[in-house]
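Participant: I'd like to go over a predicted model; first the sequence, then the structure.
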Amino acid sequence: MNIDIHTEHVAMRAEWQKMIETWLDHCRWRHPDVQGIDVRLRHADEGRTAETVNLVALARGRSLRAGTRSTTMSTALYDALETLERELVLNEAIRPRLDRVQ
């Protein structure tokens, strides 16, 4: 699995790195068809919901996206990872693995 993590206007914190790594470990086990994940953490200069997380996963020929904004990066990251997990489960339900189709 190819993993790219980008930060914009924010330094990566150990707690966020741990959250991402834990989720990726789960993802590798639960969703072996995921080919890559792009994680983008961004802090905007203004606004109450200045912390933004955007995730993109490539799985079963589709690009699945999840994005959130929050007052804290930890909350935004948690919400985005949870949303992406739901998208992956839905994608597996509607697009069965090609080697299973006969």
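Facilitator: Cool, got the structure.

Participant: Which strands or helices does the top helix by length along the chain pack on?
Facilitator: In the chain, with assignment by DSSP state H, the single longest helix is helix 73-94. Counting contacts by 3 or more Cβ pairs under 8 Å, 6 or more residues apart in numbering; DSSP states H and E, helix 73-94 packs against helix 14-30, strand 34-43, strand 51-59, strand 62-70. C-beta here means a position set from N, CA and C on the backbone, and glycine is covered the same way.

Participant: Can you give the strand pairings for the third one, parallel or anti for each?
Facilitator: Paired strands of strand 51-59, with direction, are strand 34-43 (antiparallel), strand 62-70 (antiparallel) (DSSP bridges).

Participant: quick one, phi psi at V10?
Facilitator: As for V10, its main-chain torsions (degrees, to the nearest 10) stand at phi -150, psi 140.

Participant: what's it in contact with, if anything?
Facilitator: Taking Cβ atoms under 8 Å, 6 or more residues apart in numbering, we find V10 in contact with 41-43, 51, 73.

Participant: Can you read off the pLDDT for it?
Facilitator: V10 carries a pLDDT value of 90.

Participant: ok so, going back, now do the longest helix of the chain against helix 14-30, angle only.
Facilitator: Helix 73-94 runs at 10 degrees relative to helix 14-30, counting by axes from the mean of the first three to the mean of the last three Cα atoms, to 10 degrees.

Participant: So what touches helix 73-94?
Facilitator: By Cβ under 8 Å, 6+ apart, helix 73-94 touches 10, 13, 15-16, 19-20, 23, 27, 30-31, 33-34, 41, 43, 51-55, 57, 59-60, 62, 64-70.

Participant: how about CSV for the helices and strands packed on helix 73-94, with mean pLDDT and distance to A80 added?
Facilitator: Converted to CSV, those look like this (pLDDT from 0 to 100; distance: least, Cβ to Cβ, whole Å):
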stretch, mean pLDDT, distance to A80
helix 14-30, 95, 10
strand 34-43, 95, 9
strand 51-59, 95, 4
strand 62-70, 94, 5
